[in-house]
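Chemist: sequence-free structure coming up:
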């Protein structure tokens, strides 16, 4: 029986307007709760941004936010995974060495920090994923512990930037270019797959009881932690290859419709087993 449903948000659960069918979600989520199925939003977005996105409809959902460096539920921080300060500052130096004009976002438990020279247009891009954003003169001024670094590059050079950072920090951090414009850096072994495994342990849920959805390069690990793994039809090739099934696109409500169908099948099977 399925007990845990994990989904990426951008490009997977959310449509291209960064929204979702709220009424359908309420209907499907109520069905999940009736069957004791936990819902998990696993995303690069800040946890607080996800809380705002779901608002009252999200009561009881798990959030693995900030690129799975934090686990929250109903406003309570359950766990977080720290990126060691000197390593974070080393990565920042390498990123700025690559291009000082890149949009670098340094995330802590309290906020996402950006340089105070950021343009209004790029600041709006950052606000699309982060609820609490603070402008700062230099990242060395941050006194909180780092959780992750994210880079947005309109010129789509994330693969080249990754290679540049790895030239000095390979095997000391986890780094992923989830798409050509976005790159994330977290502590070594801290990514969506590992954080979901920790949640599975916390909830006493197995691989066989887990269903997962994704679209990007950073969702490949999600496909490995669930017996029922789905890539949306708009997913990248690597995620499609890693998934067991392909479902409808994010624009076609593929995640919610697939969950609903699986719940219906499970409802029909369970009474027969009893």
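Modeler: Alright, I've got the coordinates. Values in this document were obtained by computation on a predicted structure and should not be read as measured data. Numbering: from 1, shown residues only.
Chemist: can you tell me the helix or strand for residue 114?
Modeler: Residue 114 belongs to strand 112-115 when assigned by DSSP states H and E.
Chemist: and the helix or strand following that strand, what does it pack onto?
Modeler: Once the chain leaves strand 112-115, the next helix or strand it forms, by DSSP H and E, is helix 120-127. Contacting helix 120-127 under the criterion 3 or more Cβ pairs under 8 Å, 6 or more residues apart in numbering; DSSP states H and E are the following elements: strand 103-108, strand 112-115, strand 133-136, strand 146-152. Where C-beta positions appear, they are placed from N, C-alpha and C, glycine not excepted.
Chemist: Residues contacting helix 120-127, please?
Modeler: Helix 120-127 has contacts (Cβ atoms under 8 Å, 6 or more residues apart in numbering) with 103, 105, 112, 114, 118, 133, 152.
Chemist: go again using 10 Å as the cut-off
Modeler: Outside helix 120-127, the residues that touch it by Cβ atoms under 10 Å, 6 or more residues apart in numbering are 46, 49, 101-103, 105, 112-115, 118-119, 133, 135, 150, 152, 154, 181.
Chemist: Any of those residues buried? List them.
Modeler: 46, 49, 102-103, 105, 112-115, 118, 133, 150, 152, 181 (16 or more other Cβ atoms under 10 Å).
Chemist: And the furthest pair within the residues you listed?
Modeler: Across the buried ones among the contacts of helix 120-127, no pair lies farther apart than 49 and 102, at 21.1 Å, counting by Cβ to Cβ.
Chemist: Put together JSON lines for the helices and strands packed on helix 120-127, with mean pLDDT and distance to residue 38 on each row.
Modeler: Shown next, in JSON lines, are those (pLDDT from 0 to 100; distance: least, Cβ to Cβ, whole Å):
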{"stretch": "strand 103-108", "mean pLDDT": "98", "distance to residue 38": "25"}
{"stretch": "strand 112-115", "mean pLDDT": "98", "distance to residue 38": "27"}
{"stretch": "strand 133-136", "mean pLDDT": "97", "distance to residue 38": "30"}
{"stretch": "strand 146-152", "mean pLDDT": "98", "distance to residue 38": "23"}
